[in-house]
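> Sharing a model that was predicted from the sequence below.
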Amino acid sequence: DEPTRSLSGLILKNNVKAHYQSFPQPVAEFIKQECLNNIGDASSLIRATIGILITTIASKGELQMWPELLPQLCNLLNSEDYNTCEGAFGALQKICEDSSELLDSDALNRPLNVMIPKFLQFFKHCSPKIRSHAIACVNQFIMDRAQALMENIDTFIEHLFALAVDEDPEVRKNVCRALVMLLEVRIDRLIPHMHSIIQYMLQRTQDSDENVALEACEFWLTLAEQPICKEVLTSHLVQLIPILVNGMKYSEIDIILLKGDVEEDEAIPDSEQDIKPRFHKSRTVTLQHEEERPQDPDDPEDEDDDDTLSDWNLRKCSAAALDVLANVFREELLPHLLPLLKELLFHPEWVIKESGILVLGAIAEAGCMQGMVPYLPELIPHLIRCLADKKALVRSIACWTLSRYAHWVVSQPPDLYLKPLMTELLKRILDSNKRVQEAACSAFATLEEEACTELVPYLSFILDTLVFAFGKYQHKNLLILYDAIGTLADSVGHHLNQPEYIQKLMPPLIQKWNELKDEDKDLFPLLECLSSVATALQSGFLPYCEPVYQRCVTLVQKTLAQAMMYNQHPEQYEAPDKDFMIVALDLLSGLAEGLGCHVEQLVARSNIMTLLFQCMQDTMPEVRQSSFALLGDLTKACFVHVKPCIAEFMPILGTNLNPEFISVCNNATWAIGEICMQMGAEMQPYVQMVLNNLVEIINRPNTPKTLLENTAITIGRLGFVCPQEVAPMLQQFIRPWCTSLRNIRDNEEKDSAFRGICVMIGVNPGGVVQDFIFFCDAVASWVSPKDDLRDMFYKILHGFKDQVGEENWQQFSEQFPPLLKDRLAAFYGV
């Protein structure tokens, strides 16, 4: 029977995968020969199994060792027997998928020169299955611009057009896929036909077969990234927008899969495979800028609402296409959208109303925001009412869409929208439907980030809700709840440090903390959450810090021990999951930052410095990244324990000033700066270990802003404590130094760095002469420097002016932009 034959083929394939290298030569030859002899089996299941077996052998490096394979398969395509032709094509398609790069290389003597023209002939074959294989084979070579395909590109495109209205959905799907890829790599060849391609794709996006429609819908996503998008698409928007909006409705299948008719499921435990693995983002030290809301640099874009259907589908693709097109066309989209929105948002059928709310959310972030503002005073209250809709899927999408307008809501007087929105969202956090709970928690986290301290008056009410949810939530949503609590702590900061709030919040968190075992990955989000809470509560966290601190040290120690065992005996031990150690190091950073000098006794009673010495040398960059963040935080909080280790630590910090690992380099740089401020003149023996690397990094093109800023601060701090060592190099870094620090807010770090520059200019005034205008600009970026720092600036500016003489100064200051001129005149009288 077929299933047994197929299963034996798959078992054979697994053996090939694991042990092919040790098969005796005659066995390997026998298997290869039998595959080719039976590729035309009467059963399509067996043909497919043999195809998998062939490509597995081929990808084991055997494509070179099996020279007759490709010629024989290509030959079999000419067979009069349908099964043989289809079997050979199936195998070729799998080989093209698995080995496309190898096929286009000299290693095999460029077989594509024969294969591609051969495949193109089969675009006109009478069997749809074979036409489909042929296109799928050629499609594998578009993205890498295989030479043989580029030479036949016009024939390929002509043949595709000929198949445009093929009756077989699989063929249409492959044609759409080809056109989408060609749009990306050979748009020059499509431009002459663009009008008819767009017309074609408009039809296909409404194809009765959802897989074809999805493939076609990708076309709009790709087109939006092309410079010609506006020019070629403007006249078609009137057709395209309604099609995309229509595609955003849930299909009947979606609703069944989402259990759209199940309203209450809060009591049903989650199945473990529903819970996506969480990845911890290691800590990166950044500086605050002018005019910016603090924003987590690692936040992924808002996740869409229905990620339980995590497979990409027409609804998601249509929404994504609308989002990117809104970025291209901005306000010009609204005339096509507004009439549709009016109809959808107030529609009696919930599926249609739901899709309207999704449309409104999809265009929110993009360029349509300005044009939408006049309608928001009417729309936001309507959306808030939708939060109480009787359909769970409407309530959950309303949460998501409202979160996309949180920025606007917070910009209005709080009583108008913020208060009603918050009240309703908090009710939804306690919804009886799990999907709504999840959407409400995520939306609330976004609202917290936008509103920050605006939430302080409502803290008691918010905490009551979040704590109540603890007792109500199943596993998956608990993880999102931790995030909402952590974000709340980040957003309101020290306002959380009130006895009544601590009393509400800490007992349930600590209870969870005690329930979880050291091996449980749920610790990640809980540790992240506690890290935010500790930083916000500061001394308020003291009663809870000891067990938390101890456990973090244990997690680091366990992970290091397991890594050591694994390195010595990889066959006996499993490799550890280092995320446990990274998260623990980051929570220790949060404790050091929150508790400040109070962390000293905890450090004194533990071996954390020894562990840190090992972590700083770990092979995994994220471990080093978090180690250096912790080192910097401990340096600020309790330097007495760090100082004895400096001689061992500095060389490690120096070797990690490698911009190939941006975040590691960034945190190491920051830690060196903090160490400078504690060491003072005793830093002198270590300057040469780090200075050249820092100067090199600040001069590198395309260095990320955060790293430039931290590098500049650390160079300034080094110069502040060891001016004689650093000042001679002034000319090599003064210009990028000044430009990278002009946008940083006034703060301690900026203050110490500028003091360093002033001291260095005192030692080596010649080093700044050529770039003095940059120094002037950087000085002018200060809003309110401390008095003694202002005096330093004053002396340098006037000293320079006196040095060059009134007339030369006049000429020099003529180059200043007017704003700079005014500021320097007002603040420093030059």
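Right, received. Where do you want to start?

> Phi and psi next, for Asp81.
The main-chain torsion angles of Asp81 are listed as degrees, to the nearest 10 and equal phi -80, psi 120.

> need the contact list for it.
Gly40 (C-beta atoms under 8 Å, 6 or more residues apart in numbering). For glycine as for every other residue, the C-beta is placed from the backbone atoms N, C-alpha and C.

> Distance-wise, check Met422 relative to Trp408.
Separation of Met422 from Trp408 (C-beta to C-beta, to the nearest Å) stands at 15 Å.

> ditto for Thr286
Between Thr286 and Trp408 the computed distance is 26 Å (C-beta to C-beta).

> give me the element the residue lying closest to His125 once chain neighbours are set aside is part of.
Sequence neighbours aside, Arg131 is the residue nearest to His125 in space, at 5.4 Å (criterion: C-beta to C-beta, 6 or more residues apart in numbering). In the assignment (DSSP states H and E), Arg131 maps to helix 128-139.

> Could you do Met792 as well?
Assigned by DSSP H and E, Met792 belongs to helix 787-804.

> starting at the chain centroid, how far to that helix?
The chain centroid and the centroid of helix 787-804 are separated by 45 Å under C-alpha atoms, centre = their mean, to the nearest Å.

> Can I get that helix as PDB, trimmed to CA atoms?
Coordinates of each C-alpha in helix 787-804 appear next as PDB, following Å, rounded to 0.1, in the frame of the first residue of the first chain:
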ATOM      1  CA  ASP A 787      27.800  78.300  36.100                       C
ATOM      2  CA  ASP A 788      31.400  77.100  36.200                       C
ATOM      3  CA  LEU A 789      31.000  75.200  32.900                       C
ATOM      4  CA  ARG A 790      29.600  78.400  31.300                       C
ATOM      5  CA  ASP A 791      32.700  80.200  32.600                       C
ATOM      6  CA  MET A 792      34.900  77.700  30.900                       C
ATOM      7  CA  PHE A 793      33.000  78.200  27.600                       C
ATOM      8  CA  TYR A 794      33.200  82.000  28.100                       C
ATOM      9  CA  LYS A 795      37.000  81.900  28.600                       C
ATOM     10  CA  ILE A 796      37.700  79.700  25.500                       C
ATOM     11  CA  LEU A 797      35.400  81.800  23.200                       C
ATOM     12  CA  HIS A 798      36.900  85.100  24.400                       C
ATOM     13  CA  GLY A 799      40.400  83.700  24.400                       C
ATOM     14  CA  PHE A 800      40.000  82.600  20.800                       C
ATOM     15  CA  LYS A 801      38.500  86.000  19.800                       C
ATOM     16  CA  ASP A 802      41.300  87.900  21.500                       C
ATOM     17  CA  GLN A 803      43.900  85.600  19.900                       C
ATOM     18  CA  VAL A 804      42.800  86.200  16.300                       C
END
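
> Give me the buried stretch members for it, please.
Buried residues in helix 787-804, defined by neighbour count with 16 or more other C-beta atoms under 10 Å: 789, 792-793, 796-797, 800-801.

> could you dump stretch 482-491 to CSV, C-alpha only?
What follows is the C-alpha trace of stretch 482-491 in CSV, where atoms were taken according to Å, rounded to 0.1, in the frame of the first residue of the first chain:
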residue,chain,number,x,y,z
TYR,A,482,4.0,41.4,32.8
ASP,A,483,4.8,43.6,29.9
ALA,A,484,2.0,46.1,30.6
ILE,A,485,3.1,46.4,34.2
GLY,A,486,6.8,46.9,33.2
THR,A,487,5.8,49.5,30.7
LEU,A,488,3.6,51.3,33.3
ALA,A,489,6.7,51.4,35.6
ASP,A,490,8.9,52.8,32.8
SER,A,491,6.2,55.4,32.0
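
> Which elements pack onto the biggest helix by length in the chain?
If you go by DSSP state H, the chain has its longest helix at helix 542-568. Using 3 or more C-beta pairs under 8 Å, 6 or more residues apart in numbering; DSSP states H and E as the contact definition, the elements that helix 542-568 packs against are helix 499-515, helix 523-537, helix 579-595, helix 600-604, helix 608-615.

> quick one: contacts for Asn152?
Residues in contact with Asn152, defined by C-beta under 8 Å, 6+ apart, are 116-117, 120.

> Those into TSV, with extra columns for pLDDT, secondary structure and neighbour count?
Conversion of the contacts of Asn152 to TSV gives the following (pLDDT from 0 to 100; DSSP: H, G, I helix; E, B strand; the rest coil; neighbours: other C-beta atoms under 10 Å):
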residue	pLDDT	secondary structure	neighbour count
Ile116	89	helix	23
Pro117	87	helix	13
Leu120	89	helix	19
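
> re earlier: following the helix holding Met792, which helix or strand comes up?
helix 806-813.

> sorry, back to before: Met422 and Trp408: which is more packed in?
Between Met422 and Trp408, Met422 has the larger neighbour count (other C-beta atoms under 10 Å), namely 23 against 17.

> Please tell me how far the more buried one sits from Val467.
Distance of Met422 to Val467, computed by C-beta to C-beta: 16 Å.

> ok, now Pro381?
To Val467, Pro381 is 29 Å away according to C-beta to C-beta.

> out of those two, which sits in the more crowded spot?
Set side by side, Pro381 and Val467 show more neighbours around Val467, with 17 against 14, by other C-beta under 10 Å.
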